[in-house]
Structures are given as structure tokens and as C-alpha cells.
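In: next comes the sequence, and after it the predicted model I'd like to discuss.
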Amino acid sequence: MDKRVRYMLKQNMSFFKNKLRYSFYRHITGVSDNMILFEAFGGVRYADSVRAIYEELISDERYRSFYFVWAFQHPEDYQFLLSNHHTILVRKGTPDYLRYYASSRYWINNVTVADYLRPSKSQIYIETWHGTPLKRLGCDIKADCDPRQSLSHMHRRYRAKGKKVSWFPSPSSYYTEKISSAFGLGPEKQASFVTTGYPRNDQLFHVTEEQISALREKYQIPPGKKVILYTPTWRDSHVDEAGHFTLPSGVDFPALMSRLGEDFILLFRAHHQIREPKDFSGCERIMDVSHVEEVNDLYLISDMMVTDYSSTMFDYANLRRPMIFHMFDRDNYSEAIRGFYLSPEELPGPITTTTEELAQAVLKLDASFIYDERYQQFNEKFNAYEDGHAARRVIDTCFTTSPHHQPVSERLFRYGKKNLNRMHLLYLIFWYNFQGFFRSRGLFHNNNSLRLERLKDSHRGERCFLIGNGPSLNGEDLNLLQEECTFGTNMVYKIFDKTDWRPTFHCVSDTIYASKLGVELSQMVKAPLFTTERTYRRMKKKPVNTTYVHTLQSERYKVRGNIQSYCMVKATVLSLAAEMAFHMGFTEIYLLGVDCTNPHGKGGHFTDNYTTKEVAETDINRIKTRMNAQSLTTEQIGAHIMDRSLEVYSLLNQYATKHGIRIYNATRGGNLEIFPRVKLEDIVSQK
């Protein structure tokens, strides 16, 4: 069977299989207005304009509640991105990959999405492409030179790809004209081009000499050496047996480096389509930097670029540094492979065809380079919109859209999902009550429920202290409680260096603490831990002596009094601590460090480094989602937290009064006036 036919058959089978899978997720998944999906170079790099837009978005307050999904072939290599708590990593080609494409409102890509991925009317696809074209692309290619597919098939694919795109960020009118032609776009699609510049080039306008020096040190460039960056592109006609592109040998590297002398170092950067590594074992002053994610780093540490037909020339021109164009196969490339959009005479540097000519051009430009009129005209034509603020303009232009109109199918799906959640909630209520009924009678116990049963009334008639984390908490007060039964909460261990006190029990109910600080919690907390089942499941490293209670996700709080069934932990971890104290039979409960102030305001806890920025921002975004409001001040967030907490304390007080339990507030100051105030010194002296 012909190689091209075999390749096409394989591609068609893959296309129909993936299209069927993707269609399934489109029908069962609604579009989320605050979700953005990023993919660069087919999922093999965190780079290019896709990266620049992402980094601009995560620094913008307007998008703090958005979720950012990055698709990679090997997501385990990019775990550092998870330092942003709203970033999600997904493996390319998996069911999650298809699901996120189906549900993300925005798609951002730089090599076009797979053929089977088709955005719905409510989705916005931003195609940054990966370079201003010198060589012909897509529908403009006239030579049938691709061994994988016919010319007509390639043209159909490019036209189909172009129809999907909502926005093309453009660095120049030249780019707009050529990309429009390459993708076969008609007049109706011209408005999709926005004059923003290339986001990936923003860094080139804002870098400092100190940053460049740091980069040269990072990539181990010896001081005083002159760096040449070589960035050859790929050839359609050079494909190996596995269908991968290979690079023809157009440079005698040992001869070149010998001719240049010891002062020069060459960085070799292969095109992302080239997978075969280049062997430079015999050349000490040549470094293969094809693996480097961010090509801007290589631009900045180099003194000169050598390329052939690669679009890197247009980006590098923003630095106004010398360039040489080594076109050893110029005639063949122009006539039999791709062809050019512009005349080589417009290029702002010499054209060479042999290794000797290349060496001479390098030495000459090193001695006498001038940013001349031809170079200036080159930038004016191909980088007209570049000024270092492209990513900001892309965001301001392409993301200013109102929430999408939900089609009937999506509304039906959301309605069905909402009712399924209600049915699931009813099932949990029934199941937890069923279990609680029998466990309270000594039946159907597991290890956890047995621990809860042993705790019941284990401290009947005694007193205890519930320790909050408010600004009034101090080590001196806690030292007074070393002989008392106490419940610590959340990250109270941050005060351990100021007191010999340690809690008798510890309570954590928030899943954020469990997922973000679980390891730290397990190391610092040695007391028996009380938590919720959901929080317990989220702990990466679970403390040894842990007992959990079932809880339900509902905004309406109620003290049920049967912890073997479930309890509704809400607003504050003190609700869990209080209900555990009720269960254990304490009849005299004192609150300390429960100021009921804004935890996100200045001085919200007993120490300024109580929590991490990541945990705080996660909590703030959760509150914004709950309140369905994205523009809230710190004061408004604090008021919401305090209102919910005061409601919970009021219901706890009602339950305690009804069951003969006395709760007092020994906190020094604060806003909690529901419980009678007492002085800590008086209470401790009365024991």
C-alpha cells in the first residue's frame, strides 16, 4: 500500500473515532463561562503566545475566579503550574482532555486544534499561530510535496481550521493578509483579526541587562563568549519511516566552529516538528537547546541569529540584533517545496549557501553590524503592532464577552444535573440516617463509627475550651490551659513556638486546608484529629489518629445532635468542635480566640503568616462563587463570613440552652456577643 494512502487511512480512522468521543462529551457537558483551555505546540511545551496570555490572565484581578486548563502530552513535567490554585493539568487525548475542550468557553492554541475538535457557537477559539510566515502556508502552497497527504486534502483541512477560529491576534497587516490567505478566509472573517501584536514578544521589550545576565548564567554561557543562535525550520519533503520530519544537513558544524574560533558558541534550536536529536558529540562549543521551553530566553542570551526560512526571524528582529539567512537549499525550497511570501532581498541580513560563506558573514557582522534603513523597514512592515503590550490587548479585546446563551440542550442537561444532585442529596440523607440509627444501637459499625461510639459521653459533666485563631489569641493565655481539655482548630500549631500548651484534640473541616496543607498538618498535629469525611478524603497524608463525621453540602445549618448519622459543619470550624464537644458530653464550654472578625482583612488571625496566599485566594474565590458576585471588596467578603458565623453560633447557643449545656466567651475582645462574656483568669482559678 502506498505510504500516503496508508497515512491517510490511519488519520481518517483516528479522526472518526475521536470525533465520536468528543461529540459524546459535547452532548453531556455544558459550557462554563469561567473556564479557559490552553494548548501549545500540540501539548509538548509551556511556551509561546499561549503562555504569555495565560501569565497575563492569572495576574489580572478580573479573572481570579476563572479556571485555567493546560493540556500536555506529559503533564507530570509541568506540576509547577499547580502553584496557581485555579490551574488544572490534563493529559492530551484522555477523556478529561475531551471533556475540558467541550466545557471550556475559551480555547487558546498556537498550531490549530485537532481536526475533530469543533467549537460550539458559544465557545471562543483564539488562534495565536506560532509565527509570522516567510514560507507559504496551507492554501497558498502550490507544490504537492507532502508525503503524508495530497495537496487538495491539505487545502481542505486549512479552510476547515480557519472557519473554527474566533480571533487571530496579528502583529502586522502583512501577517493578517498572509494568514487570511493561508486559511482560505473570506471577507466575512477579516474582522476576526485583531491588531494586538504577538503576546510572546512582550518580554523582549521589558527585559533588563540584569535579567539577561541571569539567563546567560542559567544556560551556562561562559563570560565573554559570543553566542550564535541557529534556528532552522523543517522541510515537508524530509520524512523518516515513522512519519517524523528530519532536518537535512546544510552546515558542516565542525568546520564552522573551527573557522569562527574560540570566542564563539553556537546554540542549535530545532523546529518543534523535528524529533530526531542532532549529534554534536564532536563539537564542544555547540549546545543543543531544542529542549528549552521558552525560545525568548535563547533570543535574549544570543548576540546573533542564523536561520533559514523560520519565522523566528520576525520575533528576533524586535531586538534589532544581527541576523544571517543560511539558505543552502534556497532554489529547491522555493520551487519544489514551499515557496516564499516575500522577496529574500527584503531580509535584513546577508544570505549564505555554504558553510564558508556563513562563517565569513558571522565574522563580518560581529565586527561591523549596523541597524540600517533596510532593517528598520523590515520591522515597520512585519512588526508594526509590537510594543510589549500585546497580551493585555488580546485580553481586553477577545475576553470582553457576556455570558453565553444556553441552548435548549444545555439547559436540559443542567436541569437534569441539578435534579440528580438533589436526588443524590436525598439518598445521602436516607443512607446516613439509616446507618446512624443502627450504629447508635451498636450495629453495623466500622472502625471510624466505633471511635465515635467510644467518644460518646466520654467527658460527661466536664468542661473544655474551644480555641479559635483570631487576632486576640496569645501564648500567655494558652499557657494557662495546659491542664485543661482543649480543642485546637485549623493551623493553631503556628503558635506552638510561643507556648508550651498543646491541644487535647484538633479539628479541621475545610477541604482547602486538607488539600493544600495536609502534609504540614500531619507533621505538626499529634493530638487526635476530628474532621469531616470529605475533608479526610482530600488529605494527601492522613494523620494517624483521625475520626471523621459525615456531612452534607447545604447552606441551611442545623444542630442535629446525632453525630453517628451526620452533622452540618458550616461557616466555621468551631461548629465541628462544638458538636464534637456536645457528643463527648461536655456541659461547660469556653471559647478563646474566637474574635469573629474578617479573616481576610489586616490582622485577621493571631499571626500575619497564619495562612498562605494560595489558600486565602482559594477561599475568596469560593465565596465569590457562592455569592454569585465576582467584584467584592475585602470588607464585603468579611461581612459575609461574619454573618454566616454569627448565624451558626446563634443556633449552637439555642441547642446548648435546650440541652443544659453552658457556653461562655472567654475571648479578649472581638465581635461575638451571643454567649456570656467571662474572664479567662477567673475561669482558670475556679477549677
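Out: Yep, it's here.
In: now the strands for the stretch 551-687 of the chain?
Out: For the stretch 551-687 of the chain, the strands defined by DSSP state E, counting those that start in this stretch occupy 588-592, 662-665.
In: can you put those in CSV and add distance to Arg414, mean neighbour count and mean pLDDT?
Out: (C-beta placed from N, C-alpha, C; glycine too.) CSV is the format used below for those (distance: least, C-beta to C-beta, whole Å; neighbours: other C-beta atoms under 10 Å; pLDDT from 0 to 100):
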stretch, distance to Arg414, mean neighbour count, mean pLDDT
strand 588-592, 42, 22, 95
strand 662-665, 42, 18, 95
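In: give me the below-cutoff pLDDT ranges for the stretch 201-350 of the chain.
Out: Judged by pLDDT under 70, the stretch 201-350 of the chain has its weakly predicted residues at 236-246, 248, 272-277, 279, 282, 334-338.
In: check the stretch 1-150 of the chain too.
Out: 1-5, 7, 144-148.
In: repeat for the stretch 501-650 of the chain
Out: 515-518, 554-555, 611-616, 618-634, 638.
In: can you put the strands of the stretch 551-687 of the chain in JSON lines and add distance to Gln686?
Out: Listed next are those as JSON lines, based on distance: least, C-beta to C-beta, whole Å:
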{"stretch": "strand 588-592", "distance to Gln686": "10"}
{"stretch": "strand 662-665", "distance to Gln686": "12"}
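In: relative to Lys558, which of those is closest?
Out: strand 662-665 (17.2 Å; C-beta to C-beta).
In: run a quick neighbour tally on the closest residue to Thr667 other than its chain neighbours.
Out: Nearest residue to Thr667, sequence neighbours excluded (C-beta to C-beta, 6 or more residues apart in numbering): Val594, at 5.1 Å. Using other C-beta atoms under 10 Å, Val594 has 27 other residues around it.
In: residues contacting Val594?
Out: 466, 468, 470, 574, 665, 667, 670, 672 (C-beta atoms under 8 Å, 6 or more residues apart in numbering).
In: what's the neighbour count on Lys364?
Out: Lys364: 13 neighbours (other C-beta under 10 Å).
In: pLDDT value on it, please?
Out: Looking at Lys364, its pLDDT reads 94.
In: which residues touch it?
Out: Counted by C-beta under 8 Å, 6+ apart, Lys364 has contacts Pro350.
In: after the one helix or strand it maps to, heading C-terminal, what element do we hit next?
Out: Per DSSP states H and E, Lys364 falls inside helix 355-368. The helix or strand immediately downstream of helix 355-368 is helix 373-382, counting by DSSP H and E.
In: got the confidence number for Asn446?
Out: Value for Asn446, per-residue pLDDT: 85.
In: from Glu635, how far off is Lys602?
Out: Taking C-beta to C-beta, to the nearest Å as the measure, Lys602 falls 11 Å from Glu635.
In: which residues touch Pro407?
Out: Here Pro407 is in contact with 121-122 (criterion: C-beta under 8 Å, 6+ apart).
In: tell me if I'm right that Ile467 and Asp595 touch.
Out: No - under the criterion of C-beta atoms under 8 Å, Ile467 is not in contact with Asp595, lying 12.0 Å apart.
In: compare those two (neighbour count), which wins?
Out: The neighbour count for Ile467 versus Asp595, taken as other C-beta under 10 Å, is higher for Ile467 (28 against 25).
In: mind checking pLDDT for the more buried one?
Out: With respect to pLDDT, Ile467 has a value of 93.
In: gap between it and Gly475?
Out: 12 Å.
In: one more: Asp96?
Out: Asp96 is 47 Å from Gly475, by C-beta to C-beta.
In: for Asp457, same thing?
Out: Asp457 sits 33 Å away from Gly475, going by C-beta to C-beta.
In: the two - which one has more neighbours?
Out: Each of Asp457 and Gly475 has its neighbours counted (other C-beta under 10 Å); Gly475 has more, 14 against 11.
In: who's in contact with the more buried one?
Out: Here Gly475 is in contact with 495, 498-499, 501 (C-beta under 8 Å, 6+ apart).
In: if we use 7 Å, what do you get?
Out: Going by C-beta atoms under 7 Å, 6 or more residues apart in numbering, Gly475 touches 495, 498-499.
In: one more: Ser104?
Out: By C-beta under 7 Å, 6+ apart, Ser104 lies in contact with 32, 35-37, 69.
In: so of these, which ones are in strands?
Out: 32, 35-37, 69 (DSSP state E).
In: which one of those is nearest to Arg393?
Out: The closest of those, once distances to Arg393 are taken by C-beta to C-beta, is Ile36, at 16.9 Å.
In: tell me which element the residue nearest to the closest one when sequence neighbours are not counted is part of?
Out: Once flanking residues are discounted, Ile36 sits nearest to Tyr106: 4.3 Å by C-beta to C-beta, 6+ apart. Per DSSP H and E, Tyr106 falls inside strand 104-109.
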